[in-house]
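*Asks:* Got a predicted structure here, sequence first:
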Amino acid sequence: MEIFSYLEEYDYEQLVFCQDKNSGLKAVIAIHDTTLGPALGGTRMWTYHSEKEAIEDALRLAKGMTYKNAAAGLNLGGGKAVIIGDPKTDKNPELFRAFGRYVQSLSGRYITAVDVGTTEEDMDLIHTETDYVTGISRYDGTEGNPSPVTAYGVYKGIKAAANEAYGDDSLNGKTIAVQGVGNVAYTLCEFLHKEGANLIVTDINQEAIDQAVEAFGATAVDPDAIYDVDCDIYAPCAMGATINDETIPRIKARIIAGSANNQLKTSEHGEIIHEKGILYVPDYVINSGGVINVADELNGYNPERAMKKVETIYDSLNKVFEISRRDNIPTNIAADRMAEERIESVRNSRNQFLIKEHHILSRR
Ligand SMILES: NC(=O)c1ccc[n+]([C@@H]2O[C@H](COP(=O)([O-])OP(=O)(O)OC[C@H]3O[C@@H](n4cnc5c(N)ncnc54)[C@H](O)[C@@H]3O)[C@@H](O)[C@H]2O)c1
Ligand SMILES: CC(C)C[C@H](N)C(=O)O
């Protein structure tokens with residue numbers, strides 16, 4: 001991988017390598033674009049098979065956050081961090097403190113949060129070294145964990161998609177195949193079950209499957225079988241790139257809508273499913289509830305205000321569907337257009353020199 005040519009191709013601003021021998025920290029922070037404000041995005045801890053895989057993940061996820069934050073109407077840019085390691089066995093307080101010091105060294109250009117493999121407790125440890133962290137436990141009413149709010153936004157987004165595809169947003173009687181029943185998807189299943197949807201679930205963790213079967217009367221299938229099931233909606237809620245050449249011919253759903261980041265292996269896969277008549281709900285729009293929630297901490301957390309903003313995911317998706325229909329383009333391209341227009345309009349209005357720019361964090 002030629003790093004500088006990759007950064008240039010997708011216009012990344014900064015890539016930071018963080019190493020601390022004592023704690024075993026090996027992390028990468030990627031900052032994609034700070035036109036709209038400081039880059040906000042979570043920290044993922046994962047057992048990457050290679051350093052290249054970790055760098056690529058950080059870069060792809062950071063770009064996704066630029067689009068997510070822009071589409072959600074937040075005054076924030078996009079960034080993401082990955083820590084190389086097994087979240088079950090490689091965590092220690094010093095590792096997160098060391099990581100926190102690297103976040104602090106960026107002076108607010110990057111603000112971190114929870115992602116796969118990290119928790120509110122980890123954010124608290126990071127917070128001992130830096131203020132540039134959200135999702136910590138001191139905020140009343142949130143518990144710091146954005147997953148339930150993300151789940152609510154995904155639920156609203158699935159309803160918007162049902163309305164677009166079927167002319168009615170009720171999910172009663174719809175069969176929904178949920179891939180990965182972790183933090184977000186378990187709460188999502190609660191909403192879907194309450195509304196009368198039939199659930200098919202899978203996970204690589206048998207305990208998570210058992211819980212969903214027990215609580216929601218879900219039907220369990222093996223991880224690879226989820227692509228073959230008869231369903232109305234496929235909800236990818238585990239890792240990315242599950243919509244690819246191998247899986248598309250197998251997916252029978254009319255709608256693809258879930259919480260996972262970077263669901264499409266490449267943008268071209270969005271075109272292929274569009275041509276097949278599958279309604280793809282752009283991941284970074286439907287799963288923006290969590291970042292909307294933690295971003296509210298930057299203004300002094302107000303749960304009602306945060307939830308009101310999360311409700312707007314329904315309307316944002318309607319806008320995406322409208323652009324897609326109007327211009328006859330895939331929904332992923334329509335969402336990109338919406339986000340890029342917002343970034344460009346701010347970029348163009350920021351052409352005056354200011355001695356000291358106003359900073360979103362100045363209110364903290
Ligand atoms: N937590 C949030 O607020 C939030 C916000 C936006 C996006 N997301 C994205 O949503 C997805 C889920 O996040 P989460 O916080 O629920 O994570 P999580 O780790 O709690 O849940 C993921 C689940 O997927 C399972 N899984 C992993 N690989 C699998 C596979 N191949 N097949 C089936 N199951 C598999 C895991 O065992 C786990 O139960 C991630 O892609 C994350 O980036 C999360
Ligand atoms: C809470 C967010 C800042 C991070 C979250 N994992 C996301 O991808 O949106």
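*Replies:* Received it, and whenever you're ready, just let me know what you need. Numbers count the residues shown, from 1 in each chain. Ligands and ions are numbered 1, 2, ... in the order given.
*Asks:* residue in the stretch 101-250 of the chain nearest to ligand 2?
*Replies:* A113 (3.4 Å; C-beta to the nearest ligand atom). Using the backbone N, CA and C atoms, a C-beta is placed for each residue, glycine as well.
*Asks:* From what I see, that residue and L40 are in contact.
*Replies:* Yes. Judged on C-beta atoms under 8 Å, A113 makes contact with L40 at a distance of 6.7 Å.
*Asks:* So for the two, which residues contact both of them?
*Replies:* T134, V291, V294 (C-beta atoms under 8 Å, 6 or more residues apart in numbering).
*Asks:* what's the spacing between the residue most central in space within the chain and A162?
*Replies:* The centroid of the chain falls nearest to N261 when counting by C-alpha atoms, centre = their mean (4.6 Å). Per C-beta to C-beta, to the nearest Å, N261 is found 22 Å from A162.
*Asks:* Tell me the spacing between A225 and ligand 1.
*Replies:* Distance, A225 to ligand 1, using C-beta to the nearest ligand atom, to the nearest Å: 10 Å.
*Asks:* Not counting its neighbours along the chain, what's nearest that residue?
*Replies:* T202 (7.0 Å; C-beta to C-beta, 6 or more residues apart in numbering).
*Asks:* With V28 instead?
*Replies:* A58 (4.4 Å).
*Asks:* which ones are touching the one you found?
*Replies:* Neighbouring residues of A58 by C-beta under 8 Å, 6+ apart: L15, V28, I29, A30, R44, K80, A81, V82.
*Asks:* Let me know whether the fourth one touches Y10 as I believe.
*Replies:* When you say that, I think you mean A30. No. If you go by C-beta under 8 Å, A30 and Y10 don't touch, sitting 10.3 Å apart.
*Asks:* okay, and the common contacts of the two?
*Replies:* With contacts taken as C-beta under 8 Å, 6+ apart, A30 and Y10 have L59 as neighbours in common.
*Asks:* Can you name the residues of the stretch 1-150 of the chain that neighbour ligand 1?
*Replies:* The stretch 1-150 of the chain comes close to ligand 1 at residues D115, V116, P146, S147, T150, as judged by C-beta under 6 Å from any ligand atom.
*Asks:* and the residue of this structure nearest ligand 1?
*Replies:* Taking C-beta to the nearest ligand atom, the chain has G182 as its residue nearest ligand 1, at 1.8 Å.
*Asks:* if I look at that residue, how far off is L188?
*Replies:* Taken as C-beta to C-beta, the span from G182 to L188 is 10 Å.
*Asks:* pretty sure D327 contacts F321?
*Replies:* No. With contact defined as C-beta under 8 Å, D327 does not count as touching F321 (11.4 Å).
*Asks:* The two - which one has more neighbours?
*Replies:* Between D327 and F321, counted using other C-beta atoms under 10 Å, F321 has the larger neighbour count: 21 against 11.
*Asks:* Backbone dihedrals for the more buried one, both of them.
*Replies:* phi -60, psi -40 (degrees, to the nearest 10).
*Asks:* name the element the residue lying closest to it once chain neighbours are set aside belongs to?
*Replies:* Excluding the flanking residues, the one nearest F321 by C-beta to C-beta, 6+ apart is E164, at 4.7 Å. E164 is part of helix 147-166 when elements are defined by DSSP states H and E.
*Asks:* Now do the buried residues in that helix.
*Replies:* Of all the residues in helix 147-166, those buried under the rule 16 or more other C-beta atoms under 10 Å are 147-165.
*Asks:* as a whole number, average confidence for that helix?
*Replies:* The average pLDDT within helix 147-166 is 97.
*Asks:* What is that helix packed up against?
*Replies:* helix 183-194, strand 233-236, strand 255-256, strand 279-280, helix 283-286, helix 289-295, helix 303-311, helix 313-327 (3 or more C-beta pairs under 8 Å, 6 or more residues apart in numbering; DSSP states H and E).
*Asks:* Would you mind writing the CA trace of it as CSV?
*Replies:* The C-alpha coordinates for helix 147-166 follow below in CSV (Å, rounded to 0.1, in the frame of the first residue of the first chain):
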residue,chain,number,x,y,z
SER,A,147,-25.6,2.2,21.1
PRO,A,148,-29.2,2.4,22.3
VAL,A,149,-29.6,5.8,20.5
THR,A,150,-27.9,4.4,17.4
ALA,A,151,-30.4,1.5,17.5
TYR,A,152,-33.4,3.9,17.7
GLY,A,153,-32.1,5.8,14.7
VAL,A,154,-31.7,2.6,12.7
TYR,A,155,-35.2,1.5,13.7
LYS,A,156,-36.5,4.9,12.4
GLY,A,157,-34.5,4.5,9.3
ILE,A,158,-35.8,1.0,8.6
LYS,A,159,-39.3,2.4,8.9
ALA,A,160,-38.5,5.2,6.4
ALA,A,161,-37.2,2.5,4.0
ALA,A,162,-40.4,0.4,4.4
ASN,A,163,-42.4,3.5,3.6
GLU,A,164,-40.4,4.1,0.5
ALA,A,165,-40.5,0.4,-0.7
TYR,A,166,-44.0,-0.6,0.4
